[in-house]
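> Structure for the following, please:
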Amino acid sequence: QVQLVESGGGSVQSGGSLRLSCAASGYSRYCMGWFRQATGKEREGVAFIETDGSTSYVESVKGRFTISQDNAKDTLYLQMNSLKPEDTAMYYCAAARSLFAMLRGQNYWGQGTQVTVSS
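Below you'll find the predicted structure:
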């Protein structure tokens, strides 16, 4: 049973930084990712890291967000810099057997952590 527990959300002013963490258990060699869902909008993929370490990002966060993982600690991170009000959303950690599966929504999900960016 894959379990994902996010932490690190909070409120920050525009231009600030936050680092989200996701403690994972019950899996091995999964593609991992971060999604977000703003009020009234669909959930969108933000950043992904595949089993070979390759990363990809949605265009709106490129150059500002960095996804990484510490395999020794089974923890996934999302470093978010230069935050903007439009980054405000519930952020979810996700795990899937492949990026293909992840993009099809065949994921395990965490419970989410709220990020609020004020102008």
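
> Okay, buried residues for the helix or strand hosting residue 12 please.
If you go by DSSP states H and E, residue 12 is part of strand 10-13. Within strand 10-13, the residues scored as buried using 16 or more other C-beta atoms under 10 Å are residue 12. In this view, the C-beta of every residue, glycine as well, is placed from N, C-alpha and C.

> That one pairs with which strands, parallel or anti?
strand 113-118 (parallel) (DSSP bridges).

> Give me the residues contacting the strand it pairs with.
With C-beta atoms under 8 Å, 6 or more residues apart in numbering as the test, strand 113-118 has contacts from 6-14, 16, 18, 20, 36, 80, 83-91.

> starting at the chain centroid, how far to that strand?
Remark: strand 113-118 is offset 13 Å from the chain centroid, using C-alpha atoms, centre = their mean, to the nearest Å.

> Which secondary structure element is home to the residue nearest the centre of the chain?
Of all residues in the chain, the one closest to the mean position by C-alpha atoms, centre = their mean is residue 34, 2.1 Å from it. Per DSSP H and E, residue 34 falls inside strand 31-37.

> What helices and strands are in contact with the helix or strand that that strand is followed by?
Remark: after strand 31-37, the chain's next helix or strand is strand 44-49, criterion DSSP H and E. Where contact means 3 or more C-beta pairs under 8 Å, 6 or more residues apart in numbering; DSSP states H and E, strand 44-49 is packed against strand 31-37, strand 55-57, strand 65-70, strand 75-80, helix 99-103.

> For this protein, name the helix or strand with the lowest mean pLDDT.
helix 99-103 (a mean of 93; mean pLDDT, DSSP states H and E).

> Buried by neighbour count: which residues of that one qualify?
Of the residues in helix 99-103, 99, 102 count as buried by neighbour count, 16+ other C-beta under 10 Å.

> Would you mind identifying the next helix or strand past it?
Once helix 99-103 ends, the next helix or strand along the chain (criterion: DSSP H and E) is strand 108-109.

> Direction included, what does that next one pair up with?
strand 89-96 (antiparallel).

> who's in contact with residue 95?
Contacts of residue 95 by C-beta under 8 Å, 6+ apart are 2, 4, 24, 27, 30-33, 107-108.
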